[in-house]
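K.L.:
Here is the input, now give the coordinates:
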Amino acid sequence: MGKKVLVPVAQGTEAMEAITIIDVLRRSGAGVIVASVDEISIKASKEIEFKADILIKDCMDEVFDLIVLPGGIPGARNLRDSKDLEILLKKQAEQQKYYGAICAAPAVVLHHYGLVTPGRVTCHPGFAGQIDNGNIVEANVVVDGNCITSRGAGTACEFALNLVELLYSDEKKKEVAQGLALMLD
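P.N.:
Prediction:
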C-alpha cells in the first residue's frame with residue numbers, strides 16, 4: 001500500500017536534498033506531494049529551478065504518513081516562516097505520525113517549533129549549536145520516536161532510505177537501494 005508523503009519546499013531549498021528525498025520515496029511507491037510555502041516555481045540552491053506540485057496552503061486538510069523537510073539556507077528559514085507548515089508539523093507530531101528534516105532544517109525549523117527537544121537529533125554541524133539540551137547526536141541519521149533527522153546533502157540518500165524502511169519495511173529499503181545501485185553500474 002502506498003504511503004502519502006509531504007515534502008515542503010521553499011525558495012533557497014537545498015536541491016540535492018529535496019530531489020533525493022522525493023526520488024527515493026517515489027521509487028518506494030510512496031505518493032509524494034511537493035508543496036511550496038511560497039511560489040510554485042522554486043529557485044533552489046546552485047540556481048537549480050523546479051516546480052512544486054501545489055502550495056502548502058492547499059494541504060491543510062490532508063493527512064500524511066510522513067512530512068519531511070529538506071534543508072538549505074535560506075530555504076529552511078523560509079520553511080520556518082510558514083505558519084501553515086508550522087500547523088501541519090505540530091498536527092503531525094500530535095497525531096504521532098512521522099516527520100523529519102535534514103541539514104539546517106532540524107535546527108532552524110523543527111527545533112524552532114519545539115519538535116526535537118527533548119530528544120535525540122542530528123543536523124548539519126554548522127547548526128548544532130542552535131539546538132539546546134545536549135541532545136545532538138553525531139550520526140548520519142537519527143530516529144527518535146516519530147522524528148527522523150539527518151546531517152546534510154551527503155547523507156540524503158541514506159536518510160531517504162531510512163524513511164522508506166520506517167514507512168514500509170527493511171525489505172522495501174533493500175529493494176530500493178538495490179535499484180539505485182544497479183543504476184550506478
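K.L.:
hang on, isn't residue 122 packed against residue 152?
P.N.:
No. Between residue 122 and residue 152 no contact is recorded; they are 9.6 Å apart, counting by CB atoms under 8 Å. Where you see a C-beta, it was placed from the backbone N, CA and C, and this is true even at glycine.
K.L.:
next one: the helix ranked longest in the chain to chain centre, how far?
P.N.:
Using DSSP state H, we find that the single longest helix of the chain is helix 170-184. Per CA atoms, centre = their mean, to the nearest Å, the displacement of helix 170-184 from the mean C-alpha position of its chain is 20 Å.
K.L.:
Likewise for stretch 159-167?
P.N.:
11 Å.
K.L.:
Output that stretch as CSV, nothing but the C-alphas.
P.N.:
Presented in CSV, the C-alpha positions along stretch 159-167 are these (Å, rounded to 0.1, in the frame of the first residue of the first chain):
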residue,chain,number,x,y,z
PHE,A,159,18.2,9.4,5.1
ALA,A,160,15.7,8.8,2.4
LEU,A,161,16.3,5.0,2.5
ASN,A,162,15.8,5.1,6.3
LEU,A,163,12.4,6.8,5.7
VAL,A,164,11.5,4.0,3.3
GLU,A,165,12.3,1.5,6.0
LEU,A,166,10.1,3.3,8.5
LEU,A,167,7.2,3.7,6.2
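K.L.:
ok, residues contacting that stretch?
P.N.:
3, 5, 20-21, 23-25, 28, 30, 65-66, 68, 98, 100, 102, 140-141, 143, 148, 150, 172-173, 176-177 (CB atoms under 8 Å, 6 or more residues apart in numbering).
K.L.:
The same query, at a cut-off of 6 Å, please.
P.N.:
In this structure, residues lying in contact with stretch 159-167 by CB atoms under 6 Å, 6 or more residues apart in numbering are 3, 20, 21, 24, 28, 102, 141, 150, 172, 173, 176, 177.
K.L.:
Tabulate those residues in a markdown table, adding columns for neighbour count.
P.N.:
What follows is the contacts of stretch 159-167, written out as a markdown table (neighbours: other CB atoms under 10 Å):
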| residue | neighbour count |
| --- | --- |
| 3 | 19 |
| 20 | 22 |
| 21 | 26 |
| 24 | 25 |
| 28 | 24 |
| 102 | 31 |
| 141 | 19 |
| 150 | 33 |
| 172 | 17 |
| 173 | 20 |
| 176 | 23 |
| 177 | 18 |
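K.L.:
Only the buried residues of the longest helix of the chain, if you could.
P.N.:
Neighbour-count burial for helix 170-184 flags 172, 173, 175, 176, 177, 180 (criterion: 16 or more other CB atoms under 10 Å).
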